[in-house]
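Chemist: All I have is the shape, not the residue letters:
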């Protein structure tokens, strides 16, 4: 099996590529210009695009090694941790790669689909803090 760092870097490359293509097929953010369904789940909204991409396709893609080679707890943890970090990287790079919705709009005024945490004049989407913390906790609890 590949070393953990190689699997991690490969998964990050997957998320970088997702940011690149998603910035071109969803230039306005949160499937604003797309077609398909939208449903409210509490205070959040789920679109058909995000459901199929993030809750179906990506888990199937990321868990493919387990389907091929069989269950391996260590590999599952590495894949999960890599995905949690990759989601944050993908989201930020969507703003970097997007020719229409640039990094200048990476804030609560424009990216209203995120929940933002404000610390003075600085603000950050809540999952940019939450997901890396979850990833670190999973790594230390289950792999160290």
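Modeler: Alright, I've got the coordinates. Computed from a prediction, not measured in an experiment: that's the story for all the values here. Numbering: from 1, shown residues only.

Chemist: Quick one: the strands in this structure, in order.
Modeler: Here the chain has its strands, by DSSP state E, at 38-41, 44-47, 116-119, 122-125.

Chemist: How about the contacts made by the residue nearest to the spatial centre of the chain?
Modeler: In the chain, the residue lying closest to the centroid (Cα atoms, centre = their mean) is residue 87, at 1.9 Å. Listed by Cβ atoms under 8 Å, 6 or more residues apart in numbering, the contact set of residue 87 reads 15, 127, 131. All C-beta atoms are positioned from the backbone trio N, CA, C, and that covers glycine.

Chemist: Now do the first one, the pLDDT please.
Modeler: Read that as residue 15. Predicted confidence (pLDDT) for residue 15: 98.

Chemist: how many neighbours does it have?
Modeler: Using other Cβ atoms under 10 Å, the number of residues around residue 15 comes to 22.

Chemist: quick one: the residue lying closest to it once chain neighbours are set aside from residue 119, how far?
Modeler: Distances taken as Cβ to Cβ, 6 or more residues apart in numbering place residue 86 nearest to residue 15, at 3.4 Å, with adjacent residues excluded. Using Cβ to Cβ, to the nearest Å, we find residue 86 at a distance of 24 Å from residue 119.

Chemist: of those two, who's got more company?
Modeler: Applying other Cβ under 10 Å to residue 86 and residue 119 shows that residue 86 carries more neighbours, namely 24 against 7.

Chemist: mind listing what the more buried one touches?
Modeler: By Cβ under 8 Å, 6+ apart, the neighbours of residue 86 are 11, 12, 14, 15.
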